[in-house]
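*Asks:* Fold the following and give me the result.
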Amino acid sequence: QRAAELKATFRESDFAVTADLLDSFLGSLIPAQGLRLPFDFAVGVASDRGLFLEGQVPFAGPVNSGSRARSTSQVRTRDGAPSPSPQFPPLPPLPKPESTGPGFSFKIGIGKSLGPVTIHDVQLRVGIEQSTDTRTYFLEAGSSVSVKLGPVFARVDTLGVRIAARPPDAAGKANLGVFDLDIGPKFPTGVSLAVDAAGLVTGGGFLYHDRAQGLYAGVMELTVHDRITVKAFGLIGTRLPDGNKGYSLLVFITAEDFRPIPIGMQCTLQGFGGLIAINRTFDEEAMREGLKNNTLATILFPRDPIGNAPEIIRNLNRVFPAARGSYMVGFLAKIGWFSPTLVTLELGLILEWGKRRRLIVLGRLSALLPSRENDLVRLNMDAMGVIDFDQSIAALDAVLVYSRLAHKFVLTGSMALRAKWSSGPGAGFV
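*Replies:* Numbering: from 1, shown residues only. Take a look at the predicted model:
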């Protein structure tokens with residue numbers, strides 16, 4: 001007996017992504033002519049197998065590729081009983097963006113699971129974007145989805161589609177009557193990840209995107225074999241201060257919690273790391289003010305970077321602002337003295353070149369005496385030193401933070417040093 005079947009088929013369809021649909025950073029990662037993904041897709045219902053999907057998806061290629069590779073792979077799914085919801089461990093929280101953009105939005109809770117995938121909600125946004133010469137009406141639809149793949153748990157927030165309509169650039173050339181209609185992907189605002197492979201890798205992190213600020217930010221913390229902890233955090237800006245296209249990047253990576261390495265004089269290396277920055281500079285005044293409120297604790301070997309992510313990201317963007325043509329590279333070290341450790345030095349040496357040539361030294365010195373358990377003297381000093389080779393200036397600032405004596409008397413204090421040198425006739429040092 002032949003089955004009854006109703007099927008709708010879409011043949012020789014294409015999904016294309018061009019650089020002008022993306023921000024300046026993502027646009028730099030794809031070919032200049034963009035990417036093109038041809039596909040065939042069918043959806044239908046049959047009396048013998050219920051609801052089904054069929055499709056053929058070849059490899060992605062350039063937008064202007066004239067050929068359509070064929071794939072023999074076929075995917076079919078049948079409508080069945082819903083599977084129980086997977087149990088997810090706590091995922092790192094995504095910080096709220098500074099701005100949600102124009103328009104208004106609302107969220108509809110879903111909470112449905114399809115195998116390892118859980119659809120948490122559907123979010124809609126409607127609004128108007130106003131530029132200097134045109135007005136764009138848009139509708140965005142996205143969903144937050146989580147998935148479990150073995151020891152890896154992931155969540156993607158507000159991934160969906162964006163539909164925009166605006167007046168055409170030239171009369172009579174609209175692609176839909178009197179409007180130009182654009183349909184494209186809505187990239188997620190955040191991705192969270194948690195890993196729990198006992199004995200191998202544990203930890204997690206997140207990456208989020210603030211479209212209004214043109215900023216990507218991410219934090220990660222992983223413990224490998226219960227012997228070493230790797231932390232990474234940074235920023236990618238898709239706008240430069242001069243308004244031109246371009247991107248800026250700042251990344252810190254550190255390794256800690258391994259067996260201390262003796263380096264002499266009862267000192268041990270307890271952590272190390274580095275940083276790299278492209279189109280980012282160092283703001284002396286912002287750091288000088290930050291010495292008073294423990295800003296260095298969020299930059300040099302931060303504790304609980306995921307829990308303190310909003311503060312870390314805010315301080316990174318403030319102390320290391322975007323600046324075209326400035327580059328930095330740095331080395332980080334965490335050194336302890338005595339065993340058990342009584343004095344700890346967290347040190348950062350940063351070299352900046354490009355528009356300015358500077359050597360930047362950041363340091364945190366902590367002392368607990370006579371012992372960590374009975375710290376009658378607790379000293380914490382944050383310091384910054386800058387040598388400006390272009391202006392022949394040296395500056396040193398230090399501040400006591402969260403220091404005390406005999407568990408009750410607060411210790412405060414600060415110091416500053418300024419020096420200038422010159423060469424040639426009348427050379428000197430002041």
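
*Asks:* going forward, measure contacts and count neighbours with C-alpha atoms only.
*Replies:* Fine.

*Asks:* now for the host helix or strand of residue 43, which elements pack on it?
*Replies:* Using DSSP states H and E, residue 43 sits in strand 35-46. When contacts are defined as 3 or more C-alpha pairs under 8 Å, 6 or more residues apart in numbering; DSSP states H and E, strand 35-46 sits against strand 5-17, strand 50-56, strand 61-62.

*Asks:* Can you give the distance of that strand from its chain's centre?
*Replies:* Chain-centre distance of strand 35-46: 33 Å, with C-alpha atoms, centre = their mean, to the nearest Å.

*Asks:* Please export the C-alpha coordinates of that strand as CSV.
*Replies:* Presented in CSV, the C-alpha positions along strand 35-46 are these (Å, rounded to 0.1, in the frame of the first residue of the first chain):
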residue,chain,number,x,y,z
LEU,A,35,30.7,33.2,1.8
ARG,A,36,28.0,31.3,0.0
LEU,A,37,26.3,28.1,1.2
PRO,A,38,24.0,26.5,-1.5
PHE,A,39,21.4,24.0,-0.2
ASP,A,40,18.3,22.0,-1.1
PHE,A,41,15.6,21.7,1.6
ALA,A,42,12.3,19.9,1.9
VAL,A,43,9.7,19.6,4.6
GLY,A,44,6.6,17.4,4.5
VAL,A,45,4.3,15.0,6.2
ALA,A,46,3.6,11.4,5.2
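
*Asks:* between that strand and strand 50-56, how many degrees?
*Replies:* 150 degrees (axes from the mean of the first three to the mean of the last three C-alpha atoms, to 10 degrees).

*Asks:* what's the average pLDDT for strand 35-46?
*Replies:* The pLDDT scores in strand 35-46 average 75.

*Asks:* repeat for stretch 179-195
*Replies:* 83.

*Asks:* Off-centre distance for that stretch?
*Replies:* The answer for stretch 179-195 is 15 Å, by C-alpha atoms, centre = their mean.

*Asks:* element containing residue 242, please.
*Replies:* Taking DSSP H and E as the definition, one finds residue 242 inside no helix or strand.

*Asks:* what about it, how many neighbours?
*Replies:* 10 (other C-alpha atoms under 10 Å).

*Asks:* Could you check how far it is from residue 323?
*Replies:* 9 Å (C-alpha to C-alpha, to the nearest Å).

*Asks:* cool, residue 346 as well?
*Replies:* According to C-alpha to C-alpha, residue 346 and residue 323 sit 27 Å apart.

*Asks:* And for residue 290?
*Replies:* 20 Å.

*Asks:* ok, now residue 189?
*Replies:* Residue 189 is 25 Å from residue 323, by C-alpha to C-alpha.

*Asks:* Secondary structure element holding the spatially closest residue to residue 187 that is not a sequence neighbour?
*Replies:* Leaving aside its sequence neighbours, residue 187 sits nearest to residue 159 (C-alpha to C-alpha, 6 or more residues apart in numbering; 5.4 Å). Using DSSP H and E, residue 159 sits within strand 152-166.

*Asks:* which element follows that strand toward the C-terminus?
*Replies:* Defined by DSSP H and E, the subsequent element after strand 152-166 is strand 180-186.
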